[in-house]
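>>> When you get a sec, could you give me coordinates for this:
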Amino acid sequence: MNGSVLERPAERPRVADEFLVNPAAPFAQAAAGLRRIARFHAEEPTVAFLNALRAAPLRAEFSLHLDRDDAAQAIALIDEMVSDLPDPITEESVDPLRADHTAIYQTDVYRACPTESAWMMEDGQPPPDLGATLRRWRQHAGVAADPALTADHLVSEILLLASLLDNGQAADATLFLDQHPLRWIPSFCSRVATRCREPFYAGVAILTTAHLDHLRDLLGAACGLPRPPDDDNADTRRRRWAEGRLPRTCGCDA
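A predicted model of the protein is given here:
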């Protein structure tokens, strides 16, 4: 198939010259960051995971290319939370983080489902073609389905986006961001950041939105694809996320 699965070939923009030499290179770091972020959402924290994070703080990975206040706040929250754990880190000290992870991703305690279908409800029903659309995106990116996750799960969509970047499919990654993750993940993360009990997961939520938002700016500049006309400006977006004011509601509220 030529072009994106959701665009006409005639509309495909000409990307920046560096993509012609090595299409994946400009966004390899962004893709690696997405995969790192996906782990925070996917994995219940363990002593080993937190020891590894203590040994390689996020500020060393993200700070150089993610220079914005909300990202700096998020990275500080995560790194400081890990540094404040006892040395050595004990199972007991990890229990509050495990409980928060369960509340966010399994039991919907905070009324924030980690799936697109829950945030895109219309008249109490998810979009009827969402599953088929995401299957086409996976096929286009060459990503196999994870039997442990739904196709519209936050982790599934972030990893699919990372694969598009790894493949050098920058224009497609831009369209996928606009049509899927950016339509609901900021709302999910805003709710988590304002309702979770542990600063660790507030940091994860803020960092996730900051990375996606920053990536959209980079992709838009490289591919000549402006944000959708109904998208808010940067100041409005960040203020809304910080205050927990959501443009969408979650199906968990019903």
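>>> going forward, measure contacts and count neighbours with C-alpha atoms only.
Will do.
>>> Within its local environment, how many residues does His101 see?
Using other CA atoms under 10 Å, His101 has 23 neighbouring residues.
>>> Would you confirm that it contacts Ala42?
No. When contacts are counted by CA atoms under 8 Å, His101 is not listed as touching Ala42 (9.2 Å).
>>> the strands in the chain, which residues?
Counting by DSSP state E, the chain has no strands at all.
>>> What is the burial count for Ala42?
What Ala42 shows, counting by other CA under 10 Å, is a neighbour count of 15.
>>> next one: the one 10 residues further on
Under the neighbour criterion other CA under 10 Å, Ala52 is assigned a count of 11.
>>> do the same with Ala148
7.
>>> before we move on, what about Asp213?
Asp213: 17 neighbours (other CA under 10 Å).
>>> Can we start the residue count at 360 from this point?
Got it, first residue is 360 now, which makes that one Asp572.
>>> which non-adjacent residue is nearest it?
Leu541 (7.8 Å; CA to CA, 6 or more residues apart in numbering).
>>> ok, that neighbour to Ala521 distance?
Noted for Leu541: a distance of 14 Å to Ala521, by CA to CA, to the nearest Å.
>>> the more surrounded of the two?
Taking other CA under 10 Å, Leu541 and Ala521 do not tie; Ala521 has more neighbours (25 against 16).
>>> I'd say Thr553 and Gly562 touch.
No. If you go by CA under 8 Å, Thr553 and Gly562 don't touch, sitting 10.5 Å apart.
>>> Between the two, which has more neighbouring residues?
A side-by-side neighbour count of Thr553 and Gly562, using other CA under 10 Å, places Gly562 first with 24 against 19.
>>> so what's that one up against?
432-437, 552 (CA atoms under 8 Å, 6 or more residues apart in numbering).
>>> Those: which two are farthest apart?
Ala435 and Ala552 (14.2 Å; CA to CA).
>>> So for those two, which sits in the more crowded spot?
Ranked by neighbour count (other CA under 10 Å), Ala435 and Ala552 place Ala552 first, with 24 against 17.
>>> where does the stretch 360-509 of the chain have low pLDDT?
Flagging of the stretch 360-509 of the chain using pLDDT under 70 yields the residue ranges 360-385, 422-424.
>>> the helices in it, which residues?
377-380, 387-401, 406-414, 417-421, 428-442, 450-464, 475-478, 489-500 (DSSP state H, counting those that start in this stretch).
>>> Of all those helices, which one comes closest to Cys582?
Of these, nearest to Cys582 by CA to CA is helix 377-380, at 9.6 Å.
>>> give me every residue that touches the nearest residue in space to Glu450 that is not next to it in sequence.
Spatially, and ignoring its direct neighbours in sequence, Glu450 is nearest to Val406 (6.4 Å; CA to CA, 6+ apart). For Val406, the contact set (CA under 8 Å, 6+ apart) comprises 448-450, 453.
>>> Please apply the same query to Cys472.
463-464, 478, 547, 609-611.
>>> Give me the buried subset of these.
For the contacts of Cys472, a burial check counting by 16 or more other CA atoms under 10 Å picks out 463-464, 478, 547, 609-610.
>>> Nearest to Phe386 among these?
Minimum distance to Phe386 across the buried ones among the contacts of Cys472 is 24.7 Å, recorded for Phe547 (CA to CA).
>>> my read: that closest one touches Arg470, true?
No. Between Phe547 and Arg470 there is no contact under CA under 8 Å: 9.2 Å.
>>> Fine by me, thanks again.
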